[in-house]
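1. how would this look folded up:
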Amino acid sequence: MTVSDALTQPVKDQLEKIIKPGSGGSGSSSPIAPKKPGIVLFSPEYYAACTLGGIIACGPTHSAVTPLDLVKCRRQVNPHLYKSNVQGWSTILKTSGDSIITGIGATFIGYSLQGAGKYGFYEFFKKTYSDFVGPTNAKKYNTGVFLAASASAEFLADLLLCPFETIKVKTQTSIPPYAKSVFEGWSKIHAAEGFGGFYNGLVPLWCRQIPYTMVKFASFEKTVELIYQYLGKPISSYTPVQQTGVSFLGGYIAGIFCAIISHPADVMVSKINSDKKATESVGQALGRIYKDIGFKGVWNGLPVRIVMIGTLTGFQWLIYDSFKVYVGLPTTGH
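-> Numbers count the residues shown, from 1 in each chain. Predicted coordinates:
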């Protein structure tokens, strides 16, 4: 190295630190553009992004499994209606005025709203409850925080879902379908029972959805944690694509547990929305229906629901965490 190089090299080194490499070719003197700030964690923008992610994750995925959900609901109400899913779809396709996507409109609207509340409120309550118990206890008892946050979120989310779940179930479990559209279903229920008619199934819905969501979120968070422990590297050492792959696997495993835990209540939601008498209270209807179908009856259709919910939950977590990565946020459990 020449004396000239020795004198100028330190200057060159400092320049290289403030010059953007590759902008305008070698020797370019364009300064580095300041990095655009992203979404601040736990800010209003953060919760808005999580809410939007929940809509994108839940509305389309629930709608996509409408043909499976349709046959499942009908077989829950009448186990002798179809011998199998395939036979059910074949029969529906041959029936004038029926369709394998019956109820898809109410499904899309209802579960989009529910997804917004479920994911948005979950993130909010998880942060709120963690702050309330303090960082040490939040880390030590994180499963309790996950369970409390998901239960609170689902309690509120079901208030949004219930009217459209009522329309969906009434439409899907009657042949010919109760209504040809969401709006027709809304008008018919409101005319017959008033606004309260949309919430006849709220208690069974809570009984189904709150345990379901508690298991969905808590088991997902713990499953993802265990997967990374098994892999032996911190989350930050994996690419976003690899992280969302873990989210899908964790979601699918969580979905299996969800299906089993919530299935009896799912059967009762279908039954009560299709079979509740106007003179009965919800409690009376539940008692009468359980007496008719027995313990075995509340497990009718479980294998189909395991496949449906496992796949559904896996893709929901994949979509939700992919959206979070897209907007510059860490994946869930990061």
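
2. so where is the stretch 201-334 of the chain shaky, pLDDT-wise?
-> Applying pLDDT under 70 to the stretch 201-334 of the chain flags the ranges 334.

3. show me the helices in it, by range?
-> For the stretch 201-334 of the chain, the helices defined by DSSP state H, counting those that start in this stretch occupy 202-231, 240-275, 282-297, 302-326.

4. chain center to the first one, what's the gap?
-> By that I understand helix 202-231. Taking CA atoms, centre = their mean, to the nearest Å, one finds the center of helix 202-231 at 10 Å from the center of the full chain.

5. just the buried positions in it, please.
-> Buried residues in helix 202-231, counted by 16 or more other CB atoms under 10 Å: 202-224, 227-228. In short, each C-beta sits where N, CA and C put it, glycine included.

6. sorry, back to before: which one of the helices of the stretch 201-334 of the chain lies nearest to S63?
-> Proximity to S63 (CB to CB) singles out helix 302-326 among the helices of the stretch 201-334 of the chain, at 10.6 Å.

7. residues touching T107, list them.
-> By CB atoms under 8 Å, 6 or more residues apart in numbering, the contact set of T107 is H62, S63, T66, D69, F164, K168.

8. for it, give me the backbone phi and psi.
-> Backbone torsions of T107, given as degrees, to the nearest 10, read phi -60, psi -50.

9. ok, it to G38 distance?
-> Distance of T107 to G38, given as CB to CB, to the nearest Å: 33 Å.

10. tell me the contacts of Q243?
-> Q243 makes contact with I235, D321, V325, T331, H334 under the criterion CB under 8 Å, 6+ apart.

11. rerun that using 6 Å as the cut-off
-> Q243 sits next to T331 when contact means CB atoms under 6 Å, 6 or more residues apart in numbering.

12. who wins for neighbours among the contacts of T107?
-> When neighbours are counted by other CB atoms under 10 Å, K168 leads these with 32 neighbours.

13. verify the stated contact: that one with G103.
-> Yes: with contact defined as CB atoms under 6 Å, K168 counts as touching G103 (4.4 Å).

14. which of the helices or strands spans L161?
-> Element membership for L161 (DSSP states H and E) is helix 142-172.

15. any idea of the mean pLDDT in that helix?
-> Across helix 142-172, the average pLDDT comes to 96.

16. that helix: which residues count as buried?
-> 142, 145-155, 157-158, 160-172.

17. what's that helix packed up against?
-> If contacts are counted by 3 or more CB pairs under 6 Å, 6 or more residues apart in numbering; DSSP states H and E, helix 142-172 sits against helix 104-133, helix 202-231, helix 240-275.

18. run the last query once more with 10 Å
-> Here helix 142-172 touches helix 44-64, helix 66-77, helix 104-133, helix 135-140, helix 182-193, helix 202-231, helix 240-275, going by 3 or more CB pairs under 10 Å, 6 or more residues apart in numbering; DSSP states H and E.

19. got these as JSON lines, with distance to R288 columns?
-> Listed next are these as JSON lines, based on distance: least, CB to CB, whole Å:
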{"stretch": "helix 44-64", "distance to R288": "29"}
{"stretch": "helix 66-77", "distance to R288": "14"}
{"stretch": "helix 104-133", "distance to R288": "26"}
{"stretch": "helix 135-140", "distance to R288": "45"}
{"stretch": "helix 182-193", "distance to R288": "19"}
{"stretch": "helix 202-231", "distance to R288": "13"}
{"stretch": "helix 240-275", "distance to R288": "9"}
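
20. which one of those helices lies nearest to G301?
-> Closest approach to G301 among these (CB to CB): helix 66-77, 5.1 Å.

21. give me the next element, helix or strand, following the closest one.
-> Downstream of helix 66-77 (by DSSP H and E), the next one is helix 85-94.

22. what are the contacting residues of that following helix?
-> Applying CB atoms under 10 Å, 6 or more residues apart in numbering, the contact partners of helix 85-94 are 67-68, 70-72, 74-75, 81-84, 98-102, 175, 301, 304, 307.

23. repeat the analysis, applying 8 Å as the threshold.
-> The contact list for helix 85-94, computed with CB under 8 Å, 6+ apart, reads 67-68, 70-72, 74-75, 81-82, 98-100, 102, 304.

24. how about N200: what's its closest non-neighbour residue?
-> Distance criterion CB to CB, 6 or more residues apart in numbering; nearest residue to N200, sequence neighbours excluded, is K276 at 6.0 Å.

25. so who does that neighbour touch?
-> N200, V282, A285.

26. contacts only, for the last one.
-> A285 makes contact with I272, D275, K276, K277 under the criterion CB under 8 Å, 6+ apart.

27. for those, which ChimeraX command selects only the ones that are buried?
-> Restricted to buried positions by 16+ other CB under 10 Å, the ChimeraX selection for these reads:
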select :272,276
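
28. which of the contacts of A285 sits closest to A259?
-> I272 (19.6 Å).
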